[in-house]
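*Asks:* What follows is a predicted protein model with its sequence.
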Amino acid sequence: MNLTMPILVGVAFGLGVYALIRALMPSKRSAVAQVARIDAMRARGSAYESARQSTADAGRLGSLRAEIGARISEFYLHQGWEQRSLRADLAVLERSWENFLATKVLLATAGLFFGPLLFAVAWTLSFSSGPVVPLWLALLFAALFFFLPDLEVKRDAADKRRDLRRVIGAYLDLVSMSLAGGRGLPEALMAAAEVSDGWASRRIANALADARITGVSQWQALGALGEELGVEELKDLSASLALVADDGAKVRESLASRAETMRHRELADIEGSAGEKSQSMLVAQLLLCAGFLVFLIFPAAIRVFQV
């Protein structure tokens, strides 16, 4: 029995080292996967250079973080880990993929030291004396700290996407009014995006401006922006505009109906969120009343049971 725990710890440690070595070793890929990896590296090469240049003046810590992020991003490319949902969330938040990966690794490293430190405090207070506890605490806190940025990014990206959908609904109304005033579809799309200087309008205006430079249609640029940000409304808008782009009346009707649908959906979401908050407040009030009743009944119950 005394040797069981060290053997299990040794086996777990050996499996962890083996898994780490297998993950770091480059695996054999097919020709299609290799070509896809080269295309992805070519498309993201400029992003790597801009990330390194933007953090070059941030001091030694900033350059170290940029180098760590670049290496981890390269490792992700070698392994074929796309993480498209996380990339879309970071694109909505306008954050760098390399800095995000570096933050995850640095937090995990901090978790490796925080777990044994917590054990040292508990051991000083005589709460525990097991020799295996620091190892498990280190692994547990490292995993926890590694996934904490994912939760934060998903929460913040969901809030910004909600704001973006509201802007899209107003944007469609503006485009419809511009079309009714006699403008063409490309001019109406650009004019409606230039009305506001908010971050959502700026993203749409930049996508439309890039479409003019590259020679692609503006609805294709909106679809690419929706694919990048993970917003289904922009992709649906791109598909509908591609179908009725030559008919001004159908474009106005399509945009007006789509804007109305988005407003109804937004109102339904607001009502649902308000209902959830009211239910949570009701539960909190019931718990508060229950605690107050226990506070009142407890002294009398103690006296009864003592008698």
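*Replies:* Cool, the structure landed. Numbers count the residues shown, from 1 in each chain.
*Asks:* Counting by contacts, list what the helix or strand harbouring Gly272 packs against.
*Replies:* Taking DSSP states H and E as the definition, one finds Gly272 inside helix 248-306. Helices and strands touching helix 248-306, by 3 or more Cβ pairs under 8 Å, 6 or more residues apart in numbering; DSSP states H and E, are helix 133-180, helix 232-244. In this view, the C-beta of every residue, glycine as well, is placed from N, C-alpha and C.
*Asks:* Next, count neighbours for Ser238.
*Replies:* Applying other Cβ atoms under 10 Å, we find 20 other residues in the vicinity of Ser238.
*Asks:* Excluding chain neighbours, what is closest to it?
*Replies:* Distances taken as Cβ to Cβ, 6 or more residues apart in numbering place Gly223 nearest to Ser238, at 3.0 Å, with adjacent residues excluded.
*Asks:* what helix or strand is the one you found on?
*Replies:* Remark: Gly223 resides in helix 218-229, with elements defined by DSSP H and E.
*Asks:* Just the buried positions in that helix, please.
*Replies:* Of the residues in helix 218-229, those with enough neighbours to count as buried (16 or more other Cβ atoms under 10 Å) are 218-219, 221-229.
*Asks:* ok now the helix holding Gly272, how far from the chain's centre?
*Replies:* Averaging C-alpha coordinates over helix 248-306 and over its chain gives two centres that are 25 Å apart (Cα atoms, centre = their mean, to the nearest Å).
*Asks:* Likewise for stretch 299-307?
*Replies:* With Cα atoms, centre = their mean as the basis, stretch 299-307 stands 55 Å off its chain's centre.
*Asks:* and for the helix holding Gly223, what are the contacting residues?
*Replies:* Applying Cβ atoms under 8 Å, 6 or more residues apart in numbering, the contact partners of helix 218-229 are 88, 91-92, 161, 164, 185-186, 189-190, 203-204, 207-208, 210-212, 231-239, 241-242, 245.
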